[in-house]
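K.L.:
next come a sequence and a model predicted from it.
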Amino acid sequence: MFGRLLLAALILALADAFVLLIVAGQIGALLTIGLVVLTALVGSLLVRSEGRATLHRLQRRLQNFEAPTDELLDGVLIVLGGGFLITPGLLTDLTGFLFVIPFTRAPLRVALKRWVITPSVRKKLQNGSLNVQVGGTLGNTRSSTGFGGQDRTQDTTTDDSYYDLDDNMYDVEDEESS
């Protein structure tokens, strides 16, 4: 995975340098530099504005006791877009704008859920490294049905990774990070 990201970054950097040379040949070096600086300034203002709007939506969802999954993914995409926008180059700026502008960010968020997050969660559920428990008890034990239908009971008085939750809450434990 890391190798693919590194290869993609290298290809983007080379393509960006090539595009900068072509544009500089057409409009001149000073105008090209000015264009790169202008896109960085406009991009930083857009990142700031979209970041604040996303933070407000996230806070509103939390106040309503709703899971802010879209807002968290938007935050990640905005941060990545900001990184692309401060990198000098026209292709990186275009990529950054795609990550930051709301109507282009929404399909990226859907793709991220479909092709990255869902397969990762499925894989962890299948290999047993992710345990999802719905509901809760008020005593010192917790019973749940794990993946594959195994019945498990956990003593919460000695295990700090389990918490007593209300009936409408979820307890998700990632055993890889424990």
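P.N.:
Okay, I see it.
K.L.:
quick one: the helices in the chain?
P.N.:
Ranges of helices in the chain, per DSSP state H, are 2-27, 29-63, 69-86, 90-100, 102-112, 118-127.
K.L.:
just these: most buried one?
P.N.:
Compared across those, helix 90-100 shows the largest average neighbour count, a mean of 20 (mean count of other CB atoms under 10 Å). All C-beta spots, glycine's among them, are computed from the backbone N, C-alpha and C.
K.L.:
with just CA atoms, put it into CSV.
P.N.:
Extracted in CSV, the C-alpha atoms of helix 90-100 (Å, rounded to 0.1, in the frame of the first residue of the first chain):
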residue,chain,number,x,y,z
LEU,A,90,-0.6,23.0,-11.2
LEU,A,91,-1.6,19.3,-11.1
THR,A,92,-1.2,19.2,-7.4
ASP,A,93,-3.3,22.3,-7.1
LEU,A,94,-6.0,20.8,-9.3
THR,A,95,-5.9,17.7,-7.1
GLY,A,96,-6.1,19.8,-4.0
PHE,A,97,-9.1,21.7,-5.3
LEU,A,98,-10.9,18.4,-6.0
PHE,A,99,-10.4,17.4,-2.4
VAL,A,100,-11.5,20.7,-1.0
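K.L.:
can you state the direction angle for it and helix 29-63?
P.N.:
Inter-element angle recorded for helix 90-100 and helix 29-63: 20 degrees (by axes from the mean of the first three to the mean of the last three CA atoms, to 10 degrees).
K.L.:
give me the angle between helix 90-100 and helix 2-27.
P.N.:
On the basis of the same axes, to 10 degrees, helix 90-100 is oriented at 120 degrees to helix 2-27.
K.L.:
which secondary structure elements does helix 90-100 sit against?
P.N.:
Helix 90-100 sits against helix 2-27, helix 29-63, helix 69-86, helix 102-112, with contacts defined as 3 or more CB pairs under 8 Å, 6 or more residues apart in numbering; DSSP states H and E.
K.L.:
among those helices, which is nearest Gly96?
P.N.:
Each of the helices and strands packed on helix 90-100 has some distance to Gly96 by CB to CB; the shortest is helix 69-86, at 3.2 Å.
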